[in-house]
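S.K.: Turn this into a structure:
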Amino acid sequence: MALTLGLLLLTVFEFTDLDQRLSTLFYEPAQEAFPLRHNWFIEVVLHHWAKYLLVVFGLAMLGGFALSFRLAPLCPLHAPML
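M.R.: The predicted structure is shown next:
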């Protein structure tokens, strides 16, 4: 499902100007800058905190996978992941 969606988005963005039209919603050509570039919410919450959340999620997934080799109830689950 994710691969199909990724290929669909790649195709749409490659053969249309949809990505350019979306970027013009957030770009100010007169100033040649993104007006919300230094907005606290976008900079701190949507960039830094989201990045940290993804790192924690990835480490939790790796930790869960590593624990599946040690904990007996999780042992049957790690075989399909390989």
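S.K.: most distant residue from the middle of this protein?
M.R.: Residue distances from the centre of the chain (Cα atoms, centre = their mean) peak at A72, which lies 32.4 Å from the mean C-alpha position.
S.K.: mind checking pLDDT for it?
M.R.: The model reports A72 with a pLDDT of 75.
S.K.: again with L77
M.R.: Per-residue pLDDT puts L77 at 67.
S.K.: Quick one: mean pLDDT over the longest helix anywhere in the chain.
M.R.: Determined from DSSP state H, the single longest helix within the chain is helix 50-67. On average, the pLDDT along helix 50-67 is 92.
S.K.: Point to the residue nearest the middle of the protein.
M.R.: Centroid check for the chain by Cα atoms, centre = their mean gives L54 as the closest residue, at 7.7 Å.
S.K.: measure it to S68 for me?
M.R.: Computed as Cβ to Cβ, to the nearest Å, the L54 to S68 distance reads 21 Å. The way it works is simple: take the backbone N, C-alpha and C, and place the C-beta from them, glycine included.
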